[in-house]
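Asker: Structure here, sequence nowhere to be found:
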């Protein structure tokens, strides 16, 4: 049977945190605020308190969002140069990654215990997911296509509708700016892995453009002890264009496509991941801006195994956003029409459904108080009406310290497999719903920051598969998250600690494949033409299933990197992943009874030219 069909059964878990991970946060926040005679570097300030759009659908600095956010900027992506998008997310506060091995194998991302289907992925505002299995195919996206990632923790159903229960990850492609700039990188390394990427970016008057292409090819690793290596290849292409038409008017388009092949135990799959969209924005007055976006995303898979078949899903969205500015306040109101379609060799009982929504959000500034209410109504032809809302309150203690409190509701939509898969469906299954309370605080200084949050989410009507999908479970998820960062004197340090208690209220067991403790530390040092850095990720154990009868040990993993800019625009980079060759498992195949292995130590050498 297809890997994709049983995606929700294919993830697992970890062991105990390494002791020195507990020192990560103090290390990040121990720096002193620079004296007035030595003002902080403005680029450093911007990287530590970046502008975020995902949390409120409007530009706000991190301390103004009243949300728990993590931003991975262009400099971070360049320094780390990961092979997989999830390498950036693993160990970030509240984020849990489980994978059926490395290099293009089925991977799930869970924010605050909500699972892969309760974590929303967007690319430049376009939703990308599998409507049949639920959740996104994170492992099939090449990180070199993106320049930025925003991770928003906490429910955002009142802004984005279904599936933003635990949080939202949004990836941004480069817009293009400045003089025409080429970029070319060639890489090779362990496991007969080869990477090549090229881009051309810039602007000409009112026109901005970015085009890019990449190729990744590897023999892969043995996914189980004594098995054979399983390969993976990915070819991606990107085009992004925008044109200003006058004062307050702009149009643009995006097209991103990735296709390739990945082998797994028992077969292989050809895949396509694709997003495309056009938008138009116009100022209808001094205080009113309107934006219309038309988009389409595709998640396609053809399986070659003893159970061959195709599972192709298409999501089309038309969205209208109106932003009204009234002094220091903003009001965002709009409407959205979404249609999911399935084209499969399996005859689903229904192959399409539509969703109509209206929404409103206020961004109200009564300094030192900030108020952010939002409300959304969704009408889905498959599972009925859902109303979600949120209310966030912020208070500035002074110029550097902000307190925040919020309450929000969200829901996870039943998938096409839940509702319509022949012989294993339940047309009466309802959406999962969640209520979340959160308290947080942030300290924002010239060259460093810290952020802390405590939250509780109560989930009702949790969908589980017994003999068919049913709404039987309740869950309570409590957590504490700490994060901090420093950027000064050539040092860039980011640290995070998280404790999560994801409990099944019916049994008292931990939710499947969720960790309770995690830590991440990223340290980079610039020395003239050299940059030296490393990332440490540590997670405790997890359980493969809800019965908690299969324990998967925790682990700590260290990656190192160095970049040498040996000539103008030229660089050489060496990445050493899993330096200590740690064996670790985050997923277990309960049907065949084996653990999915992850890549051991690997080395990648890259050489390229980058005029940016």
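Answerer: Arrived safely, thanks for sending. Please read these numbers as outputs of a predicted model, since none were measured by experiment.

Asker: who are the neighbours in contact with the spatially most central residue of the chain?
Answerer: Residue closest to the mean C-alpha point of the chain, counted by C-alpha atoms, centre = their mean, is residue 169 at 3.1 Å. Contacts for residue 169 (C-beta atoms under 8 Å, 6 or more residues apart in numbering) come out as 89, 109, 111, 119, 120, 121, 122, 149, 150, 151, 152. C-beta here means a position set from N, CA and C on the backbone, and glycine is covered the same way.

Asker: Dump those to CSV, plus distance to residue 248, pLDDT and neighbour count.
Answerer: Output for these, formatted as CSV (distance: C-beta to C-beta, whole Å; pLDDT from 0 to 100; neighbours: other C-beta atoms under 10 Å):
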residue, distance to residue 248, pLDDT, neighbour count
89, 36, 96, 23
109, 37, 97, 28
111, 35, 97, 28
119, 35, 97, 29
120, 30, 97, 30
121, 31, 98, 22
122, 25, 98, 21
149, 29, 97, 21
150, 25, 97, 23
151, 31, 98, 25
152, 28, 98, 27
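
Asker: The residue nearest to the centre of the chain and residue 489: what is the separation?
Answerer: Going from residue 169 to residue 489 by C-beta to C-beta, to the nearest Å gives 31 Å.

Asker: again, but for residue 386
Answerer: For residue 386, the distance to residue 489 - C-beta to C-beta - is 50 Å.

Asker: next one: residue 571
Answerer: As judged by C-beta to C-beta, residue 571 and residue 489 stand 22 Å apart.

Asker: Who does the helix or strand containing residue 470 pair with, and is each partner parallel or antiparallel?
Answerer: Here residue 470 sits within strand 469-488, counting by DSSP states H and E. When pairs are called by DSSP bridges, strand 469-488 turns out to pair with strand 448-465 (antiparallel), strand 491-504 (antiparallel).

Asker: which of the residues in that strand are buried?
Answerer: Judged by neighbour count (16 or more other C-beta atoms under 10 Å), strand 469-488 contains these buried residues: 469-471, 473, 475, 477-479, 481-488.

Asker: one step back: please flag which of the contacts of residue 169 sit within helices.
Answerer: residue 89 (DSSP state H).

Asker: Adding distance to residue 554, write the contacts of residue 169 out as a markdown table.
Answerer: Shown next, in a markdown table, are the contacts of residue 169 (distance: C-beta to C-beta, whole Å):
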| residue | distance to residue 554 |
| --- | --- |
| 89 | 18 |
| 109 | 18 |
| 111 | 19 |
| 119 | 21 |
| 120 | 27 |
| 121 | 26 |
| 122 | 31 |
| 149 | 25 |
| 150 | 28 |
| 151 | 22 |
| 152 | 26 |
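
Asker: got the contact list for residue 461?
Answerer: Contacts of residue 461 were listed using C-beta under 8 Å, 6+ apart, and they are 430, 431, 432, 433, 471.

Asker: circling back: bridging residues for the residue nearest to the centre of the chain?
Answerer: Assessed by DSSP bridges, residue 169 has beta-bridge partners residue 121, residue 151.

Asker: what about it, distance to residue 308?
Answerer: For residue 169, the distance to residue 308 equals 32 Å [C-beta to C-beta].

Asker: cool, and residue 269?
Answerer: Applying C-beta to C-beta, the value for residue 269 to residue 308 is 10 Å.

Asker: Those two: which is more packed in?
Answerer: More crowded of residue 269 and residue 308, by other C-beta atoms under 10 Å: residue 269, with 23 against 11.

Asker: Thought residue 261 was touching the more buried one, still the case?
Answerer: Yes. Using C-beta atoms under 8 Å, residue 269 is in contact with residue 261, at 6.9 Å.

Asker: Let me see the contact set for residue 328.
Answerer: With C-beta under 8 Å, 6+ apart, residue 328 has these contacts: 365, 367.

Asker: With residue 476 instead?
Answerer: 456, 457, 458, 459, 501, 503, 505 are the contacts of residue 476 under C-beta under 8 Å, 6+ apart.

Asker: List buried members of those residues by neighbour count.
Answerer: Buried positions within the contacts of residue 476, assessed by neighbour count (16+ other C-beta under 10 Å), are 457, 459, 503.

Asker: And those, which is closest to residue 606?
Answerer: Residue 606 lies nearest to residue 457 out of the buried ones among the contacts of residue 476, by C-beta to C-beta, at 40.7 Å.

Asker: And that closest one, how close does it get to residue 477?
Answerer: On the measure of C-beta to C-beta, residue 457 and residue 477 end up 4 Å apart.

Asker: anything in contact with each of those two?
Answerer: With C-beta under 8 Å, 6+ apart, residue 457 and residue 477 have common neighbours 112, 113, 114.

Asker: Dump the residues you listed to JSON lines, plus pLDDT, neighbour count and distance to residue 424.
Answerer: Formatted as JSON lines, the shared contacts of residue 457 and residue 477 follow (pLDDT from 0 to 100; neighbours: other C-beta atoms under 10 Å; distance: C-beta to C-beta, whole Å):
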{"residue": "112", "pLDDT": "96", "neighbour count": "31", "distance to residue 424": "28"}
{"residue": "113", "pLDDT": "94", "neighbour count": "27", "distance to residue 424": "25"}
{"residue": "114", "pLDDT": "94", "neighbour count": "33", "distance to residue 424": "23"}
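
Asker: could I get the buried ones among the contacts of residue 476 as TSV with pLDDT?
Answerer: Converted to TSV, the buried ones among the contacts of residue 476 look like this (pLDDT from 0 to 100):
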residue	pLDDT
457	97
459	96
503	95
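
Asker: show me the contacts for the closest residue to residue 132 other than its chain neighbours.
Answerer: Nearest residue to residue 132, sequence neighbours excluded (C-beta to C-beta, 6 or more residues apart in numbering): residue 416, at 4.7 Å. By C-beta under 8 Å, 6+ apart, the residues touching residue 416 are 131, 132, 313, 340, 342, 348, 350, 351, 353.

Asker: switch the cut-off to 6 Å
Answerer: Residue 416 makes contacts with 131, 132, 342, as judged by C-beta atoms under 6 Å, 6 or more residues apart in numbering.

Asker: where along the stretch 251-400 of the chain do the strands fall?
Answerer: Applying DSSP state E, counting those that start in this stretch to the stretch 251-400 of the chain gives strands spanning 267-285, 288-305, 309-326, 329-344, 352-366, 369-380, 384-396.

Asker: Buried by neighbour count: which residues of the second one qualify?
Answerer: So that's strand 288-305. 289-293, 295, 297-303.

Asker: In its sheet, which strands sit next to it, and in what direction?
Answerer: When DSSP bridges is applied, strand 288-305 pairs with strand 267-285 (antiparallel), strand 309-326 (antiparallel).

Asker: Present those as a markdown table; the columns should include mean pLDDT.
Answerer: Below are these laid out as a markdown table (pLDDT from 0 to 100):
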| stretch | mean pLDDT |
| --- | --- |
| strand 267-285 | 96 |
| strand 309-326 | 96 |
